[in-house]
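Asks: sequence? don't have it. structure:
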């Protein structure tokens with residue numbers, strides 16, 4: 001019924017305004033030399049219309065010259081970037097895609113770096129002139145309104161400003177609610193042509209994407225409003241959010257992964273500050289199934305990009321979480337998503353808009369997720385400094401978290417030394433020694449910073465676990481990292497003098513760098529240090545430390561603990577001991593030994609209740625405990 005109405009409406013307009021349906025050859029004949037042509041974005045590109053323009057110029061090579069072609073990104077046909085049409089067109093792109101990358105880097109096309117949120121303003125002010133807009137729309141409804149469908153972004157501003165609007169009317173373009181409606185009166189020429197919309201999708205089922213997605217999922221809270229970029233890594237992140245609840249979406253790109261979460265009920269937008277109950281985006285790149293879901297769906301609104309990407313709008317969204325990717329991150333936290341050295345790769349896009357808006361949002365956070373390596377493991381994406389000529393997309397203050405398949409680095413509020421240590425910890429193990437040495441040369445870290453090469457120095461992420469103590473306290477247990485040095489310094493200084501004496505059997509109270517390295521730089525195959533955190537805080541609070549070191553002569557390990565005073569008596573030490581026992585048994589050890597002062601009755605009780613075969617011998621002023629595993 002609806003298709004019949006749309007077809008009838010189109011035919012009615014054909015009778016009412018036959019001039020709008022003139023043959024394309026006549027329409028293209030009206031384009032003057034030096035014209036500024038705008039082409040719809042991404043999967044919304046009017047392929048048949050662009051192809052027809054290319055064929056028209058093949059037949060009439062002198063029809064017009066020096067036309068500037070403007071667009072955000074193309075996935076489809078791009079005759080205007082081909083060598084044979086260099087006298088006719090000059091491409092000027094706000095974002096660089098695969099089909100135009102070579103032309104831009106060879107100087108045969110232009111790239112205009114701009115925050116995408118600013119582009120509609122540039123068009124309206126005439127700083128970016130538009131003479132002819134070539135777009136794709138849905139068929140008109142009975143009132144004469146057509147939808148820009150999956151591509152509203154800067155297209156709406158271009159249509160409003162263009163002197164001539166040429167629209168390909170495609171029955172396969174969904175009618176999407178929001179800002180993307182055009183009335184037939186706003187369009188000068190119509191080209192009815194149905195064809196499949198361009199589709200876009202990355203292979204998200206890689207092990208690297210899965211592991212990165214699992215780490216990012218830890219950082220996303222129930223009730224957060226999220227923005228997710230495009231590519232295999234963001235798709236992998238979305239695939240790991242299926243256990244979350246009441247997420248909201250305020251994003252630039254709407255992908256297949258986001259729509260899956262909507263269908264699963266994970267995204268309901270019920271806790272958003274702005275546009276509550278609505279998924280907000282500005283364009284879509286996905287599969288046909290996603291486009292069908294968007295058709296006439298009142299729960300999804302596409303807004304113009306100067307709304308979706310406005311940092312102040314984003315900042316008004318409480319608990320806004322922006323998740324994006326990058327090509328390189330240096331050891332201070334600066335990142336590029338635009339270029340590989342001097343080679344332009346993509347563009348500013350909307351990443352900076354969202355990262356800066358989320359930084360300003362109440363309870364907001366920014367997450368940069370990327371593989372640790374490129375070129376099949378030959379190149380590290382975490383580098384001492386960005387390559388010469390690289391564009392800095394995100395400055396050091398733009399990112400809270402950086403995530404790779406090797407873990408999470410928290411940068412916000414950290415010194416350059418702390419940042420370098422955090423980032424080296426999540427680099428590929430094969431590149432860590434070189435990064436440590438380069439960081440020393442750059443004086444980013446201590447000149448005597450120790451590190452362990454090989455298997456013994458590889459962080460065992462699989463040992464991270466959540467446990468609940470017998471007193472009902474949830475704790476997060478994980479192995480120590482070299483980047484935990486400052487965290488441990490604060491932890492030790494939070495202990496009482498009595499706690500320190502009981503732990504170290506010494507009156508010494510200082511914790512210099514050299515001493516802290518004994519705790520943070522360990523061979524995980526020969527010893528273990530486990531940290532206990534309260535996971536409710538952001539970042540989590542360190543409340544306990546437990547460790548063992550192997551005594552090879554008796555095939556046992558010496559064990560010791562410390563718990564922050566305000567967390568004592570809540571079962572933290574017992575839970576750490578139980579977990580260390582589990583790990584030690586897995587290594588084939590026979591048991592633990594420990595030295596405990598007689599006055600340290602709380603710790604003695606922890607060992608007595610652990611279920612080991614306990615032997616206690618008083619040697620001088622300390623008990624020497626031998627605890628054999630059953």
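Replies: Structure received. All figures in this text were calculated on a predicted structure; none of them were measured in a lab. Numbers count the residues shown, from 1 in each chain.
Asks: so where is this structure shaky, pLDDT-wise?
Replies: Along the chain, segments meeting pLDDT under 70 span 1-7, 77, 202-205.
Asks: Which segments of it make up each domain?
Replies: 2-192, 207-449, 460-628 (automatic domain parsing).
Asks: the helices in the stretch 401-550 of the chain, which residues?
Replies: Here the stretch 401-550 of the chain has its helices, by DSSP state H, counting those that start in this stretch, at 416-425, 432-441, 485-494, 497-504, 513-520.
Asks: helices or strands next to the third one in the packing?
Replies: With contacts defined as 3 or more CB pairs under 8 Å, 6 or more residues apart in numbering; DSSP states H and E, helix 485-494 has these neighbours: helix 513-520, strand 541-551. (Glycine included, C-beta is placed from N, CA and C.)
Asks: before we move on, back to that, looking at the helices of the stretch 401-550 of the chain, which is nearest to residue 236?
Replies: helix 416-425 (20.4 Å; CB to CB).
Asks: Outside of the closest one itself, list whatever touches it.
Replies: In this structure, residues lying in contact with helix 416-425 by CB atoms under 8 Å, 6 or more residues apart in numbering are 329, 331-333, 382, 396, 402, 406-407, 409-411, 414, 432, 435-436, 439, 444-446, 449, 459, 481-483, 485-486.
Asks: nearest to residue 617, of the helices and strands packed on helix 485-494?
Replies: Minimum separation from residue 617 across the helices and strands packed on helix 485-494 (CB to CB) falls at strand 541-551, 15.9 Å.
Asks: Quick one: list the elements packing against that closest one.
Replies: Going by 3+ CB pairs under 8 Å, 6+ apart, strand 541-551 lies up against helix 485-494, strand 527-534, strand 556-563, helix 572-586.
Asks: so which of those comes closest to residue 471?
Replies: When these are compared by CB to CB, helix 572-586 sits nearest residue 471, at 8.7 Å.
Asks: now the closest one and strand 541-551, what's the angle there?
Replies: 40 degrees (axes from the mean of the first three to the mean of the last three CA atoms, to 10 degrees).
Asks: For helix 572-586, which residues meet the burial criterion?
Replies: 572-581, 583-584 (16 or more other CB atoms under 10 Å).
Asks: Let me know the closest of these to residue 553.
Replies: Minimum distance to residue 553 across the buried residues of helix 572-586 is 15.9 Å, recorded for residue 584 (CB to CB).
Asks: The closest one - nearest residue in space that isn't next to it in sequence?
Replies: Nearest residue to residue 584 in three dimensions, chain neighbours excluded: residue 557, at 5.6 Å (CB to CB, 6 or more residues apart in numbering).
Asks: so that neighbour bridges to which residues?
Replies: residue 550, residue 592 (DSSP bridges).
Asks: That one and residue 27: what is the separation?
Replies: Distance from residue 557 to residue 27, counting by CB to CB, to the nearest Å: 81 Å.
Asks: Residue 359 falls within a strand, correct?
Replies: No: counting by DSSP: H, G, I helix; E, B strand; the rest coil, residue 359 falls outside a strand, being helix.
Asks: Around it, how many other residues sit close by?
Replies: Counted with other CB atoms under 10 Å, the neighbours of residue 359 add up to 20.
Asks: tell me the secondary structure for the nearest residue to it once chain neighbours are set aside?
Replies: Sequence neighbours aside, residue 366 is the residue nearest to residue 359 in space, at 5.9 Å (criterion: CB to CB, 6+ apart). Following three-state DSSP, residue 366 is assigned to strand.
Asks: isn't residue 366 right up against residue 402?
Replies: No: in this structure, residue 366 is not within contact of residue 402 by CB atoms under 8 Å, at 9.7 Å.
Asks: Now the common contact residues for those two.
Replies: Counting by CB under 8 Å, 6+ apart, nothing touches both residue 366 and residue 402.
Asks: separation between the residue lying closest to residue 572 once chain neighbours are set aside and residue 266?
Replies: Leaving aside its chain neighbours, residue 572 sits nearest to residue 544 (4.5 Å; criterion: CB to CB, 6+ apart). Distance of residue 544 to residue 266, given as CB to CB: 33 Å.
Asks: Strands along the stretch 201-350 of the chain, start to end?
Replies: 225-228, 248-249, 253-254, 279-281, 283-284, 300-302, 320-324, 328-330, 335-336, 339-340, 343-344 (DSSP state E, counting those that start in this stretch).
Asks: got the contact list for the nearest residue to residue 357 once chain neighbours are set aside?
Replies: Nearest residue to residue 357 in three dimensions, chain neighbours excluded: residue 314, at 2.6 Å (CB to CB, 6+ apart). Taking CB under 8 Å, 6+ apart as the criterion, residue 314 is in contact with 227, 250, 320, 322, 353-354, 356-358, 360-361.
Asks: Now distance to residue 304 and neighbour count too, for these, in JSON lines please.
Replies: Output for those, formatted as JSON lines (distance: CB to CB, whole Å; neighbours: other CB atoms under 10 Å):
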{"residue": "227", "distance to residue 304": "16", "neighbour count": "31"}
{"residue": "250", "distance to residue 304": "14", "neighbour count": "29"}
{"residue": "320", "distance to residue 304": "19", "neighbour count": "29"}
{"residue": "322", "distance to residue 304": "19", "neighbour count": "31"}
{"residue": "353", "distance to residue 304": "13", "neighbour count": "25"}
{"residue": "354", "distance to residue 304": "16", "neighbour count": "30"}
{"residue": "356", "distance to residue 304": "19", "neighbour count": "21"}
{"residue": "357", "distance to residue 304": "16", "neighbour count": "26"}
{"residue": "358", "distance to residue 304": "20", "neighbour count": "29"}
{"residue": "360", "distance to residue 304": "21", "neighbour count": "13"}
{"residue": "361", "distance to residue 304": "21", "neighbour count": "22"}
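Asks: Adding distance to residue 38 as columns, could you present these in CSV?
Replies: Below are those laid out as CSV (distance: CB to CB, whole Å):
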residue, distance to residue 38
227, 25
250, 26
320, 31
322, 28
353, 21
354, 24
356, 27
357, 26
358, 30
360, 32
361, 32
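Asks: Now flag whichever of those residues is closest to residue 590.
Replies: For the contacts of residue 314, the nearest to residue 590 is residue 322 (50.3 Å; CB to CB).
Asks: Please give me every residue in contact with the closest one.
Replies: Applying CB under 8 Å, 6+ apart, the residues near residue 322 are 226-227, 314, 354-355, 357-358, 364-367.
Asks: at 7 Å what do you get?
Replies: 227, 354-355, 358, 366-367 (CB atoms under 7 Å, 6 or more residues apart in numbering).
Asks: can you check residue 366 too?
Replies: 322, 355, 358-359, 398-400.
Asks: ok, for residue 543, nearest residue in space, not its chain neighbours?
Replies: residue 567 (3.9 Å).
Asks: Could you do residue 453 as well?
Replies: Going by CB to CB, 6+ apart, residue 453 has residue 433 as its nearest residue, at 5.5 Å.
Asks: what's the neighbour count on the one you found?
Replies: Using other CB under 10 Å, the number of residues around residue 433 comes to 15.
Asks: Can you give me the distance of it to residue 439?
Replies: 11 Å.
Asks: try residue 86
Replies: In this view, residue 86 and residue 439 are 46 Å apart by CB to CB.
Asks: Between these two, which is the more surrounded one?
Replies: Legend: neighbour count by other CB under 10 Å for residue 86 and residue 439, higher for residue 439 (23 against 14).
Asks: Make TSV out of the domains of the chain and add distance to residue 199.
Replies: As requested, these are exported to TSV (distance: least, CB to CB, whole Å):
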stretch	distance to residue 199
domain 2-192	7
domain 207-449	5
domain 460-628	35
